[in-house]
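Asker: below: sequence and its predicted model.
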2 protein chains.
Amino acid sequence: MAAEGPAGASPSRSKRADAQRNRETVLTAAAGVFVTSGVDAPIRQIATQAGVGMATIYRHFPTRADLVTAVYQHQIEACAEAGRTLLANADSPLDALHQWIDLFVDFLVTKHGLADALQSDSDRFAALHAYFLDRLLPVCAQLLDAAVEAGDIKPGTQPYELMRGIGNLCIGRDNDPRYDPRRLVALLLQGLQRPQTS
Amino acid sequence: MAAEGPAGASPSRSKRADAQRNRETVLTAAAGVFVTSGVDAPIRQIATQAGVGMATIYRHFPTRADLVTAVYQHQIEACAEAGRTLLANADSPLDALHQWIDLFVDFLVTKHGLADALQSDSDRFAALHAYFLDRLLPVCAQLLDAAVEAGDIKPGTQPYELMRGIGNLCIGRDNDPRYDPRRLVALLLQGLQRPQTS
DNA sequence: ATACTAAATGGAGCAGCGTTCCGTTTCAGG
DNA sequence: CCTGAAACGGAACGCTGCTCCATTTAGTAT
């Protein structure tokens, strides 16, 4: 087959082929380990699972946040994209906001320990926090603004505060029947709504 | 002087005097360290601060939760007591609930990392969680029930879920001007309220 | 007052994890 | 094929939680 043109493979060209391969291997292994052991799983475990040394992981992903970010990048982008789509297609901005938050909450609660990590007081996850904000905050802000302009939501709430509040509500052990983050997020949204439609 | 009667000093009689003293020393040191380093501070640090060995701390407080519990016991009890008082004295059950939650939130946000520990996925703090629930859940339930009966609050919310939601909202680094747990808790309470008073 | 016993102590020691460092291996261009 | 550099792996270091045991000390019986 013909050699690749100047517009080569998608990921950075400047890497050696084996490095590129290892990057993928680590990503796959990490995704698997995250499911079973949470995003706090020991690096050694991920390295073993991937069949590489620890240094390899550290070289590709200097901080744990970089690794987690890379693993969930696609899903975060999808969430952001969904927000834009919803705003365009939903019956009302309020509906769009509700549905988007449902997506967001689903994403957080299905990733073992992700919400915990996002708000971790340690700064090991600072970059992850930053990435989430960078990608999702504008979306949330747009949805919120639209709902405010439509008169469905009281003005004055900052998107950052809302997102972090939702994230916080999603923290905790999963599968506790006595605590369903969705119910509390729903309550929060209720509190955000205008008293009457006037 | 006359020997002490059968109704002796308040803390457990079965301990030796030096053990009793050390217990207090550790408690004081721990309280100090918690303020500066959070409730996750290394045991070694607390031991050094108290001028005792680590084993001494482990003997008096087998788990970290026991230590934290002991340090904050009085304040937790005070919070529980305040709940009962408020219910009796406030203008309305809803007012009482609001004021009590303010107290609760204040308590959590002023204790560096306490809210984080309470919901920690690790079970190192399971006993702390249990203690909080044991002492404060009944109070919260009473306040909530009273507010529901007065018609101020929608029925259907479980006290456990509410308390944990509030606790979750208080998680995170302190002193972030962009995130004030109080505002979100207020929103949550708003969502709890009846649409109209009728 | 002295001797005795069991409670209490302290710190060394072991294990787990994060992170770095360096000798060795492997790729890719000449 | 040869060679330089990128990439690699795992040993090594530091920090933390927790335990174990030789030693000290308080309280009591004589």
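Answerer: That came through fine.

Asker: quick check: domain ranges of chain A?
Answerer: A:16-62, A:63-192 (automatic domain parsing).

Asker: contact residues of chain A facing DNA strand D?
Answerer: A:15-16, A:18-19, A:22, A:51-56, A:59-60 (CB under 7 Å from any atom of the strand). Yep, even glycine has a C-beta here, placed from its N, CA and C like the rest.

Asker: closest one of those residues to residue A:80?
Answerer: Nearest to residue A:80 among those: residue A:60, at 24.1 Å, using CB to CB.

Asker: isn't that closest one right up against residue A:26?
Answerer: Yes: using CB atoms under 8 Å, residue A:60 is in contact with residue A:26, at 6.1 Å.

Asker: anything in contact with each of those two?
Answerer: residue A:67 (CB atoms under 8 Å, 6 or more residues apart in numbering or on different chains).

Asker: who has more neighbours, these two?
Answerer: residue A:26 (24 against 20; other CB atoms under 10 Å in any protein chain shown).

Asker: so what's that one closest to, chain neighbours aside?
Answerer: In this structure, residue A:26 finds its nearest non-sequential neighbour in residue A:50, 4.9 Å apart by CB to CB, 6 or more residues apart in numbering or on different chains.

Asker: re the thing from before, and residue B:176, which of the domains of chain A is closest to it?
Answerer: Of all the domains of chain A, domain A:63-192 sits nearest to residue B:176, with 8.7 Å by CB to CB.

Asker: does that closest one come close to DNA strand C?
Answerer: Yes: residues of domain A:63-192 contacting DNA strand C under CB under 7 Å from any atom of the strand: A:63-64, A:124.

Asker: make a PyMOL selection of whichever of these turn out to be buried.
Answerer: To isolate the buried members of these in PyMOL, using 16 or more other CB atoms under 10 Å in any protein chain shown:
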select buried, chain A and resi 64
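
Asker: pLDDT for the residues of domain A:63-192 next to DNA strand C - can I get that in TSV?
Answerer: Listed next are these as TSV, based on pLDDT from 0 to 100:
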residue	pLDDT
A:63	96
A:64	97
A:124	88
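
Asker: can you redo the residues of domain A:63-192 next to DNA strand C as a markdown table with distance to chain B and secondary structure?
Answerer: Converted to a markdown table, the residues of domain A:63-192 next to DNA strand C look like this (distance: CB to the nearest CB, whole Å; DSSP: H, G, I helix; E, B strand; the rest coil):
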| residue | distance to chain B | secondary structure |
| --- | --- | --- |
| A:63 | 18 | coil |
| A:64 | 16 | helix |
| A:124 | 13 | helix |
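
Asker: closest to residue B:175 among the residues of domain A:63-192 next to DNA strand C?
Answerer: Nearest to residue B:175 out of these is residue A:124 (CB to CB; 19.5 Å).

Asker: distance of the most centrally placed residue in chain A from residue A:70?
Answerer: In chain A, the residue lying closest to the centroid (CA atoms, centre = their mean) is residue A:76, at 4.5 Å. Note on residue A:76: its distance to residue A:70, by CB to CB, to the nearest Å, is 11 Å.

Asker: give me the common contacts of these two.
Answerer: Counting by CB under 8 Å, 6+ apart, nothing touches both residue A:76 and residue A:70.

Asker: contact partners of the helix or strand bottoming out on mean pLDDT in chain A?
Answerer: The weakest-scoring helix or strand in chain A, judged by mean pLDDT, DSSP states H and E, is helix A:114-118 (a mean of 94). With contact meaning CB under 8 Å, 6+ apart, helix A:114-118 is reached by A:39-40, A:68, A:72, A:107-109, A:125, A:128-129, A:132, A:167-168, A:170-172, B:121.

Asker: restricted to helices, list these.
Answerer: Taking DSSP state H as the definition of helices, the contacts of helix A:114-118 contribute A:68, A:72, A:107-109, A:128-129, A:132, A:167-168.

Asker: so which of these comes closest to chain B?
Answerer: Nearest to chain B, judged by CB to the nearest CB, of the ones in helices among the contacts of helix A:114-118 is residue A:168 at 4.8 Å.

Asker: list the contacts of the closest one.
Answerer: Residue A:168 is in contact with A:115, A:119, B:168-169, B:171-172, B:184, counting by CB under 8 Å, 6+ apart.

Asker: next: residue A:136.
Answerer: A:76, A:79-80, A:83, A:104, A:163.

Asker: now residue A:193: phi and psi?
Answerer: phi -70, psi 160 (degrees, to the nearest 10).

Asker: related to what we said a few turns ago, can I get the residues of chain A next to DNA strand D in JSON lines with secondary structure?
Answerer: Formatted as JSON lines, the residues of chain A next to DNA strand D follow (DSSP: H, G, I helix; E, B strand; the rest coil):
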{"residue": "A:15", "secondary structure": "coil"}
{"residue": "A:16", "secondary structure": "coil"}
{"residue": "A:18", "secondary structure": "helix"}
{"residue": "A:19", "secondary structure": "helix"}
{"residue": "A:22", "secondary structure": "helix"}
{"residue": "A:51", "secondary structure": "coil"}
{"residue": "A:52", "secondary structure": "coil"}
{"residue": "A:53", "secondary structure": "coil"}
{"residue": "A:54", "secondary structure": "helix"}
{"residue": "A:55", "secondary structure": "helix"}
{"residue": "A:56", "secondary structure": "helix"}
{"residue": "A:59", "secondary structure": "helix"}
{"residue": "A:60", "secondary structure": "helix"}
